[in-house]
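In: Requesting a structural model of the entry that follows:
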Amino acid sequence: MKYPYEFVDQMLQGSDDTQVATQLYCYSGKIGKENLMEFCTSKNGEFPDTPLYKLMIFDQRHNAIFTSALADMGVDQGQTNHLRAIYTYNHSEQTGNLDILDDKHTVITKRMAI
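Out: Reported below is the predicted structural model:
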């Protein structure tokens, strides 16, 4: 299936036990919850050797940046204006959570287990 989300960048952080793989995407169109859930779960296997995988979707390519605040999920206020969704997947527990933000940058779907 083809998804509308454009890949921007990826990064591995931390040591072996605490390594986190983060991928950044951008998309300015309307986010469909079901489509986004399918996209996120399709990415679960891309970093099987990392304990935690994060996928972040921003509104525009130039806004999709790595910062330590974003990587630690203590999202920087300036970047929350551009962040549209955050997906985390824990490989050891095989659980995923998706937060989708609305146009006013409020979480509309919080910790949706997928």
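
In: now the strands for the protein?
Out: For the chain, applying DSSP state E gives strands covering 6-13, 20-26, 52-58, 83-90, 95-101, 107-113.

In: what residue ranges in this structure score low on pLDDT?
Out: 67-80, 103-114 (pLDDT under 70).

In: What is the helix ranked longest in it packed up against?
Out: Identified as the longest helix of the chain according to DSSP state H is helix 33-42. When contacts are defined as 3 or more Cβ pairs under 8 Å, 6 or more residues apart in numbering; DSSP states H and E, helix 33-42 sits against strand 83-90, strand 95-101. Heads up, the C-betas are built off the backbone N, CA and C, glycines and all.

In: returning to that earlier point: with mean neighbour count and distance to residue 37 as new columns, can the strands of the chain be given to me in TSV?
Out: Below are those laid out as TSV (neighbours: other Cβ atoms under 10 Å; distance: least, Cβ to Cβ, whole Å):
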stretch	mean neighbour count	distance to residue 37
strand 6-13	14	18
strand 20-26	20	14
strand 52-58	23	11
strand 83-90	21	9
strand 95-101	18	6
strand 107-113	12	8
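
In: Residue 32: which of these is closest?
Out: Nearest to residue 32 among the strands of the chain is strand 95-101; the distance by Cβ to Cβ comes to 10.0 Å.

In: what's the offset of that closest one from the middle of its chain?
Out: Relative to the chain's own centre, strand 95-101 is displaced by 8 Å; criterion: Cα atoms, centre = their mean, to the nearest Å.

In: now for it, which elements pack on it?
Out: Looks like strand 95-101 contacts helix 33-42, strand 83-90, strand 107-113 (3+ Cβ pairs under 8 Å, 6+ apart).

In: Sheet partners, orientation included, of it?
Out: When pairing is defined by DSSP bridges, strand 95-101 lines up against strand 83-90 (antiparallel), strand 107-113 (antiparallel).

In: how close does residue 99 sit to residue 43?
Out: To residue 43, residue 99 is 16 Å away according to Cβ to Cβ, to the nearest Å.
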